[in-house]
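In: What shape does this take:
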Amino acid sequence: MAKAKEFTVTIEDKPGALGKCFVALAERVVNILAFQSYVEERENLVRFLADDPLTAKAVLGSLRMNFEETDVAVVRLPHRPGELGRAASRLGEKKINIDYSYCGMDPGSTRGLLVFGVDNLTSAATLLDELAAEDALEDA
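Out: Presented below is the predicted three-dimensional model:
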């Protein structure tokens, strides 16, 4: 799974607004796998991956939230020092620019879920699949 649907939601920068969005997703049993949130120009911009993108999209629509869907490159790697650097370096070696990144965890997993917004999704996805395969061989 080197590609995933990411949601970028623009939320009012006021107390409780982010919680309202995430509570509404949880009420529909949508689990957030990874997210990042930051304020820019008085708006809270939230990027996240959900375990059920179709339901997440329906929830965001029902809340009349301003959101976009984007494909991002993802990889699951062991949660240990150096893994983020290894993945980012591998992308850089192939001249793939990372526009942003963040991480999370899959439920019940000890592996980190690394998310990359990149300028070449297809190449990045292939490369990250190879990286995950290498790691699987090392663990075997």
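In: Can you point out the buried residues in the helix or strand of the chain with the lowest mean pLDDT?
Out: Across the helices and strands of the chain, the lowest-confidence element by mean pLDDT, DSSP states H and E is helix 121-139, at a mean of 84. Using 16 or more other CB atoms under 10 Å as the burial criterion, the residues of helix 121-139 that qualify are 121, 124-125, 127-128, 131-132, 135. C-beta here means a position set from N, CA and C on the backbone, and glycine is covered the same way.
In: Counting by contacts, list what it packs against.
Out: Secondary-structure packing of helix 121-139 (3 or more CB pairs under 8 Å, 6 or more residues apart in numbering; DSSP states H and E): strand 66-78, helix 83-93, strand 111-118.
In: go with 7 Å
Out: If contacts are counted by 3 or more CB pairs under 7 Å, 6 or more residues apart in numbering; DSSP states H and E, helix 121-139 sits against strand 66-78, helix 83-93.
In: Out of these, which is the most enclosed?
Out: When the helices and strands packed on helix 121-139 are scored by mean count of other CB atoms under 10 Å, the highest mean neighbour count falls to strand 66-78 (a mean of 18).
In: in this protein, which ranges drop under the pLDDT threshold?
Out: Applying pLDDT under 70 to the chain flags residues 1, 136-140.
In: residue contacts, residue 132?
Out: Residue 132 is in contact with 75-77, counting by CB atoms under 7 Å, 6 or more residues apart in numbering.
In: The same query, at a cut-off of 10 Å, please.
Out: Counting by CB atoms under 10 Å, 6 or more residues apart in numbering, residue 132 touches 1-2, 74-77, 87, 111.
In: Please give me every residue in contact with residue 52.
Out: Counting by CB under 10 Å, 6+ apart, residue 52 touches 25, 28-31, 58-59.
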